[in-house]
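Asker: what follows is a protein structure lacking sequence information:
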């Protein structure tokens, strides 16, 4: 069996997931005649923000992550998006599998802030692979590690991310607030007889701008 290789062939939202999930299509190759019995595969997915351009509105929102654009040469660094594991079943030569990646929309998390700041285009992703390969060679059985330098790149379309999130939170996002802040907001909303939280936040923003 030759060296294990990986390629990312595409990504799509999971249409049947109980929570937001992306399905990454992986191509796995193992040249030679020996069968791979299984791979206990681990994958770290990183966002590589330095590999794309940003519009003025995107840059303004991304200042919360990277500071003023004049400093981005120093401050823009890869962001960890996910750490996931999957078992690759038996195959000979090559196979394809889907890697499920659960996704959140928490704007307190760096990856969530990044996705929420983008208007269109693609999110540059780097997939780093590790794990254990169980294979047969001749009359024997081998256990070896996935080489440390196995990786793949993919451009995740922003529309795919939005399509997935809108299945669960149509036109909405989430903010985590302390209990005391929530109680103060509830009093503010009640005192002004505002019917929704959106209207309460809009009223606060108008007051702040005024």
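Answerer: Structure's in. What do you need? This one's a predicted model, so the numbers in the text were calculated from it and none came from an experiment.
Asker: low-scoring stretches of this protein, by residue?
Answerer: 1-2, 33, 107-108, 138 (pLDDT under 70).
Asker: center of it - which residue?
Answerer: Geometric centre of the chain, nearest residue: residue 81, 4.3 Å, by CA atoms, centre = their mean.
Asker: quick one: secondary structure of that residue?
Answerer: strand (DSSP: H, G, I helix; E, B strand; the rest coil).
Asker: and the gap between it and residue 3?
Answerer: 26 Å (CB to CB, to the nearest Å). Backbone N, C-alpha and C define where each C-beta goes, glycine included.
Asker: what sits against the residue nearest to the centre of the chain?
Answerer: 45, 46, 47, 101, 111, 125 (CB atoms under 8 Å, 6 or more residues apart in numbering).
Asker: recalculate using a threshold of 6 Å.
Answerer: By CB atoms under 6 Å, 6 or more residues apart in numbering, the contact set of residue 81 is 45, 47, 111.
Asker: so how far is residue 75 from residue 62?
Answerer: Using CB to CB, we find residue 62 at a distance of 10 Å from residue 75.
Asker: higher neighbour count, these two?
Answerer: Each of residue 62 and residue 75 has its neighbours counted (other CB atoms under 10 Å); residue 62 has more, 21 against 15.
Asker: next, count neighbours for the residue lying closest to that one once chain neighbours are set aside.
Answerer: Excluding its sequence neighbours, the residue lying closest to residue 62 (CB to CB, 6 or more residues apart in numbering) is residue 117, at 4.9 Å. Number of residues near residue 117 (other CB under 10 Å) recorded here: 20.
Asker: same check, this time on residue 149
Answerer: When counting by other CB under 10 Å, one arrives at 8 neighbours for residue 149.
Asker: phi, psi of it?
Answerer: phi -100, psi 10 (degrees, to the nearest 10).
Asker: could you report the separation of residue 16 from residue 167?
Answerer: Counting by CB to CB - residue 16 and residue 167 are separated by 10 Å.
Asker: more neighbours, those two?
Answerer: Set residue 16 next to residue 167 and count neighbours by other CB under 10 Å: residue 167 wins out with 15 against 6.
Asker: so what's that one closest to, chain neighbours aside?
Answerer: Per CB to CB, 6+ apart, closest to residue 167 is residue 13, 6.5 Å.
Asker: and the one you found, how far from residue 49?
Answerer: Counting by CB to CB, the gap from residue 13 to residue 49 is 22 Å.
Asker: with residue 79 instead?
Answerer: For residue 79, the distance to residue 49 (CB to CB) stands at 7 Å.
Asker: those two: which is more packed in?
Answerer: residue 49 (22 against 16).
Asker: surely the more buried one is in contact with residue 75?
Answerer: No. Between residue 49 and residue 75 no contact is recorded; they are 10.0 Å apart, counting by CB atoms under 6 Å.
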